[in-house]
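**Q** Provided below for reference: sequence and predicted model.
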Amino acid sequence: MDEKSGESLSYPPWVQALSGQKICILTFGCTYNEGDSDRLKHILTRAGSLLVEDPQDADAVILNTCIVIEKTERKMIRLLKDLEGKEIWVTGCLPTARAAILNEFPAVRILSPDSIHAVDLDHNVAPSGPVAVVQIGSGCLGHCTYCITRHARGRIKSNPIEEIISQIRAAVQGGAVEIRLTGQDLSAYGYDWGTPSLHTLLLAIGEIKGTFFVRLGMMNPATLLPIIHEVADALDNDHIFSFVHLPVQSGSDQVLKRMGREYNLPTYLMLVDALKKKNPDISIATDVITGFVAESEDEFKETCELLVALQPDALNVTRYSYRPGSTAPRVGELPDRIKKDRSRELIRIGYAILKTKKVALVGRTEEVVITEKLREGTVMGRTRSYTGIVIAEDLLVGSLHMVEFTGERTQYLTGRVIRSLY
């Protein structure tokens, strides 16, 4: 029985098993996992379950797992041990890509991500909140030798445009101001239909009425290349943050080749140039993996030089760790001390770039949309290029203001309202 509508619904066995219980959902990893957990909350609440935050208060715990690197995988295993004695359900990437681990936990029940998506949702009803995650599809087209996620999520499976638009409309009606569009590779959207379609989706989003802004998730340079000019044009839209997450992973063409990344550095730089020509104030976020198999000192220096040239607006640094099931060779693995030293150097370079960029913005005035209340009397706002602004005022989520940037904290700016727009 649907608790809200009173209608009789036919739920699959896993929903029936959790229906009416107190459920704690613990989520780790990427924004896509957050989207799966949001979907779980929607399904289970509709089925009469009560969501709780503390695992100790729950009848059952759902662990939405990430195993992208070895350190995170170890964390998942520790949690499974800590939660022994509870009814545990495991979803996310662990049960599909590293199922053998669960042999140590015979009482654990597996909930495949596909099972979550097999349950139909009423897209006219969305959880209220200022930030919403909308999934455009799962999987990718890549053959990255270091990656285990592709074994968990498979090939690209794009969701219909109409379904995505419906979810965005519902989220906006539920109070969402920031929509986080997510997938393992956004620019691969539509490739499974034979027609790359990210730009078509973005144009359709631009037609939706309301005050909201879309932040695009991660894209692969290899799949963005055929549609770069169409996407650059589609980003010139009042509903879309001028922000792109485009991982480069290495500044060395030889390392990129060993990684199976299917593009080279000149191609990556051409993509960035095309985005900036159409959208001069665009923010570029990137990722790098350091210490990949057989990475030489010269290859590492090429990555350092790339970051200095690129001047990214956000940087995520990951130390390479071998993942069982990936195709990267074990021969040539670097000692942990070298990986740590190189990681620290890249973080130092990235920190210096971010600080310099933020200092240069202090004193400027820009339009800012309020996206979140952080605590009583303090809010988070975003510029069109997705720069975070913390304002010590009680402002309405969704309101627009001209804000003077008064200080920097490397990862965000502080500001004060000059005048309210609406």
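**A** Now that the structure is in, tell me what you want to look at. Residues are numbered from 1 along each chain as shown.

**Q** residue ranges with poor pLDDT in the protein?
**A** Scanning the chain for pLDDT under 70 picks out 1-9, 122-128.

**Q** redo that, cut-off 90
**A** For the chain, the stretches flagged by pLDDT under 90 are 1-11, 120-129, 149-152, 174, 325, 330-331, 410-411, 422.

**Q** where's the top helix by length along it relative to the chain centroid, distance-wise?
**A** Using DSSP state H, we find that the single longest helix of the chain is helix 336-361. Distance of helix 336-361 from its chain centroid, counting by Cα atoms, centre = their mean, to the nearest Å, is 21 Å.

**Q** counting contacts, what elements does that helix pack onto?
**A** Under the contact definition 3 or more Cβ pairs under 8 Å, 6 or more residues apart in numbering; DSSP states H and E, helix 336-361 sits against strand 283-290, helix 297-310, strand 314-319, strand 400-408. In this view, the C-beta of every residue, glycine as well, is placed from N, C-alpha and C.

**Q** between these, which gets nearest to Leu26?
**A** Relative to Leu26, the nearest member of these by Cβ to Cβ is strand 314-319, separated by 22.0 Å.

**Q** From the chain's centroid, how far away is the closest one?
**A** Worked out by Cα atoms, centre = their mean, strand 314-319 lies 14 Å from the chain centre.

**Q** That strand pairs with which strands?
**A** Sheet partners assigned to strand 314-319 using DSSP bridges are listed as strand 283-290 (parallel).

**Q** List the contacts of the strand it pairs with.
**A** Outside strand 283-290, the residues within contact range by Cβ atoms under 8 Å, 6 or more residues apart in numbering are 146, 218, 241-251, 259, 272, 275-276, 300, 303, 307, 310, 312-320, 339, 342-343, 346, 385-387.

**Q** relative orientation of that strand and helix 336-361 in degrees?
**A** On the basis of axes from the mean of the first three to the mean of the last three Cα atoms, to 10 degrees, strand 283-290 is oriented at 170 degrees to helix 336-361.

**Q** buried residues in strand 283-290?
**A** Buried positions in strand 283-290, judged by neighbour count with 16 or more other Cβ atoms under 10 Å: Ser283, Ile284, Ala285, Thr286, Asp287, Val288, Ile289, Thr290.

**Q** Stretch 321-337 too?
**A** For stretch 321-337, by 16+ other Cβ under 10 Å, it's Ser321, Arg323, Ser326, Ala328, Glu333, Leu334.

**Q** tell me the domain ranges of this protein?
**A** Using automatic domain parsing, the domain parsing of the chain gives 13-116, 131-241, 245-361, 363-420.

**Q** Now the terminal residues of the first one, how far apart.
**A** Looking back up the chat, that one is domain 13-116. Length of domain 13-116, first residue to last, Cα to Cα, to the nearest Å: 12 Å.

**Q** before we move on, what about the last one?
**A** For domain 363-420, the separation between the terminal residues is 18 Å (Cα to Cα).

**Q** one step back: can I get the buried residues of strand 283-290 in a markdown table with distance to Lys41?
**A** Converted to a markdown table, those look like this (distance: Cβ to Cβ, whole Å):
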| residue | distance to Lys41 |
| --- | --- |
| Ser283 | 30 |
| Ile284 | 32 |
| Ala285 | 27 |
| Thr286 | 31 |
| Asp287 | 28 |
| Val288 | 34 |
| Ile289 | 32 |
| Thr290 | 36 |
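
**Q** thinking again about what came up before, tell me which of the helices and strands packed on helix 336-361 sits most buried.
**A** Of the helices and strands packed on helix 336-361, the one with the most neighbours on average (mean count of other Cβ atoms under 10 Å) is strand 283-290, at a mean of 22.
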